[in-house]
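Visitor: kindly generate the corresponding structure for this input.
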Amino acid sequence: MPHTLRTAPRPALLPEPKPATVPASAPAPAAAAPAAPAQAGRGLLRDLQQPGQVFAALTPNWYASVMGTGIVAVAAASLPVQFPGLRAAATAVWGLAAFLLVALTAATAVHWIRHRATARGHASDPVMAHFYGAPPMAMLTVGAGALLLGRDVIGLRAAVDVDWVLWFAGTATGLLCAVAVPYLAFTRHDLRPDSAFGGWLMPVVPPMVSASTGALLIPHAPAGQARLSLLLCCYAMFGLSLLASVVVITLVWQRLALHGTGPARMVPTLWIVLGPLGQSVTAANLLGGVAHLALPAPYSTALQAFGVVYGVPVWGFALLWACLAAAITLRTARAGLPFSLTWWSFTFPVGTVVTGTSGLALHTGAEMFRIAAAVLYAGLVLAWLLVAARTAHGSLRGRLFLPADQQQALDGAAAARR
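Guide: Numbers count the residues shown, from 1 in each chain. Okay, the predicted model is just below:
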């Protein structure tokens, strides 16, 4: 008999899928907890009963804020169109991403210590479990930023060491996630034909991020077998993530065609599809650009050419999906698109398309890609400013730290006052 899923209240920052089918013989899920009364006044965390609630419903997809902030910095470092002040601003944004990574990791540790039952229940949730892919990608993004930008502050040697530590940590946890989360979905989660959503890509994309960020470390790896092994492992992770992503993207397309776009809170996750597309173009070009450091011709030459031969068609599909996702998002926004941390899906996936476009500009010399990279980066910055501001506001109020039922109660009260 499938396992019952409702181990903890669903946090407010998750998309709301349709209820999973539960056998009639299964015990009834626990009733939703009543909405917590907000504190009076206009103070910090006024939507919480007490400050300790910050840690009560903390979930892995908070790391999406680190991913989205970090990619703004990383994409700026490789942008083919540079202007005065861009690198300094990008370095400051990387510093913010690094701070968020440390702070969020500390808060997550407190969450596991104080609310162990809730924390353990995330893996049993058919939506939340997939967001375990966010912490590895956050580590990998901050590590890449250290090498690309942080070296101006902490020095090259320290930047390389930081990147190695975060790359190994992110790669190990990312590979574990790529195996464990699909296993849970196949064996423990109760799923419906319309359950597929963009978040299903989260656990299988981290190895692709490892492939692209690992390419930055190849020049710093010892020459010989160590460097060759790193290059080949990166290509293996490229293939692992690419093929798994193709399967999931097909399921998401099928769900959209047969079952519609689903609840409004789920719509932003459609942008996650751009993640494996843009990241794979980035990885193919970055790995191709350093292949000559580990492999002789004609293999190194073929791999460099592969970056363009593979990248241009996939870049075209990424633009198609971006247009579809934008149209669906605008259609949903007209009817009402409530803010949640799923809005961070507007940042990191778009950032990977920027880095992929920059790689194509470098290897083809095409002015079209140079202009496209600049335009896409401008859109990324605007999206990041919007989502970061809304996240900061919701965090200072405490609203984003509440479970979904309590957040919806606050939204309903606010709507009634209007």
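
Visitor: pull the number of nearby residues for Leu287.
Guide: Using other CB atoms under 10 Å, Leu287 has 24 neighbouring residues. Yep, even glycine has a C-beta here, placed from its N, CA and C like the rest.

Visitor: that one touches Ser300, doesn't it?
Guide: No: taking contacts as CB atoms under 8 Å, Leu287 lies outside contact range of Ser300: 10.3 Å.

Visitor: how about the helices in this protein?
Guide: Ranges of helices in the chain, per DSSP state H, are 64-77, 86-114, 116-121, 134-145, 151-154, 156-187, 206-217, 225-259, 274-290, 299-335, 348-364, 367-397, 404-417.

Visitor: nearest to Gly198, out of the ones you listed?
Guide: helix 225-259 (6.1 Å; CB to CB).

Visitor: quick one: average pLDDT of the closest one?
Guide: Mean pLDDT, computed over helix 225-259, is 97.

Visitor: what packs against that helix?
Guide: Judged by 3 or more CB pairs under 8 Å, 6 or more residues apart in numbering; DSSP states H and E, helix 225-259 is in contact with helix 156-187, helix 206-217, helix 274-290.

Visitor: among those helices, which is nearest Leu400?
Guide: Across the helices and strands packed on helix 225-259, closest to Leu400 is helix 274-290 (CB to CB), at 22.2 Å.

Visitor: how many other residues sit next to the closest residue in space to Leu191 that isn't next to it in sequence?
Guide: Distances taken as CB to CB, 6 or more residues apart in numbering put Pro126 closest to Leu191, at 6.0 Å, once the chain neighbours are dropped. A count of nearby residues for Pro126, using other CB under 10 Å, gives 19.

Visitor: shouldn't Phe170 be in contact with Pro136?
Guide: One correction, residue 170 is Gly, not Phe. Yes: the criterion here is CB under 8 Å, and Gly170 meets it with Pro136 at 4.4 Å.

Visitor: of these two, who's got more company?
Guide: Neighbour count, other CB under 10 Å: between Gly170 and Pro136, Pro136 has more, with 30 against 26.

Visitor: quickly list what's touching both of Gly170 and Pro136.
Guide: Listed as contacting both Gly170 and Pro136 by CB atoms under 8 Å, 6 or more residues apart in numbering are 206, 209-210.

Visitor: name the nearest of the residues you listed relative to Val160.
Guide: When the shared contacts of Gly170 and Pro136 are compared for distance to Val160 (CB to CB), Ser210 wins out at 16.5 Å.

Visitor: my read: Thr282 touches Ser212, true?
Guide: Yes: the pair Thr282 / Ser212 is scored as a contact, 4.7 Å apart, by CB under 8 Å.

Visitor: so what sits against both of those two?
Guide: Shared contacts of Thr282 and Ser212 (CB under 8 Å, 6+ apart): Thr355.

Visitor: dump the helices of the chain to TSV, plus distance to Val267.
Guide: Below are the helices of the chain laid out as TSV (distance: least, CB to CB, whole Å):
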stretch	distance to Val267
helix 64-77	15
helix 86-114	25
helix 116-121	26
helix 134-145	19
helix 151-154	38
helix 156-187	21
helix 206-217	23
helix 225-259	11
helix 274-290	14
helix 299-335	5
helix 348-364	14
helix 367-397	14
helix 404-417	16
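
Visitor: which of the ones you listed has the lowest average pLDDT?
Guide: Among these, helix 404-417 carries the lowest mean pLDDT, at a mean of 66.

Visitor: and Ala56, its phi and psi?
Guide: Taking degrees, to the nearest 10, you get phi -70, psi -40 for the backbone angles of Ala56.

Visitor: quick one: contacts for it?
Guide: Ala56 sits next to 111, 114-115, 118, 401 when contact means CB under 8 Å, 6+ apart.

Visitor: most surrounded residue in those residues?
Guide: Within those, most neighbours by other CB under 10 Å means Phe401, with 26 neighbours.

Visitor: from Trp343, how far out is it?
Guide: According to CB to CB, to the nearest Å, Phe401 stands 16 Å off from Trp343.

Visitor: and for Thr59?
Guide: Counting by CB to CB - Thr59 and Trp343 are separated by 15 Å.

Visitor: same thing with Val153?
Guide: Val153 is 30 Å from Trp343, by CB to CB.

Visitor: with Leu175 instead?
Guide: 28 Å.

Visitor: which of those two has more residues huddled nearby?
Guide: In this view Leu175 and Trp343 are compared by other CB under 10 Å, and Trp343 has more residues nearby, 24 against 16.

Visitor: so that one makes contact with Arg390?
Guide: Yes: between Trp343 and Arg390 there is a contact under CB under 8 Å: 6.7 Å.

Visitor: so what's the gap between stretch 213-226 and the chain middle?
Guide: Centroid separation for stretch 213-226 versus its chain: 25 Å, with CA atoms, centre = their mean, to the nearest Å.

Visitor: all further residue positions should be reported with the first residue as 71.
Guide: With the count now opening at 71, the last piece we talked about shows up as stretch 283-296.

Visitor: C-alpha coordinates for that stretch, PDB please?
Guide: The C-alpha trace of stretch 283-296 is given here as PDB (Å, rounded to 0.1, in the frame of the first residue of the first chain):
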ATOM      1  CA  THR A 283      31.400  24.600 -12.700                       C
ATOM      2  CA  GLY A 284      33.900  21.700 -12.800                       C
ATOM      3  CA  ALA A 285      35.100  23.000 -16.100                       C
ATOM      4  CA  LEU A 286      36.300  26.200 -14.300                       C
ATOM      5  CA  LEU A 287      38.500  24.000 -12.000                       C
ATOM      6  CA  ILE A 288      40.100  21.900 -14.700                       C
ATOM      7  CA  PRO A 289      43.000  24.400 -15.200                       C
ATOM      8  CA  HIS A 290      43.600  24.300 -11.500                       C
ATOM      9  CA  ALA A 291      43.600  20.400 -11.300                       C
ATOM     10  CA  PRO A 292      47.000  18.600 -11.400                       C
ATOM     11  CA  ALA A 293      48.000  17.800 -15.000                       C
ATOM     12  CA  GLY A 294      47.800  14.200 -16.100                       C
ATOM     13  CA  GLN A 295      45.300  11.600 -14.900                       C
ATOM     14  CA  ALA A 296      43.700  13.800 -12.300                       C
END
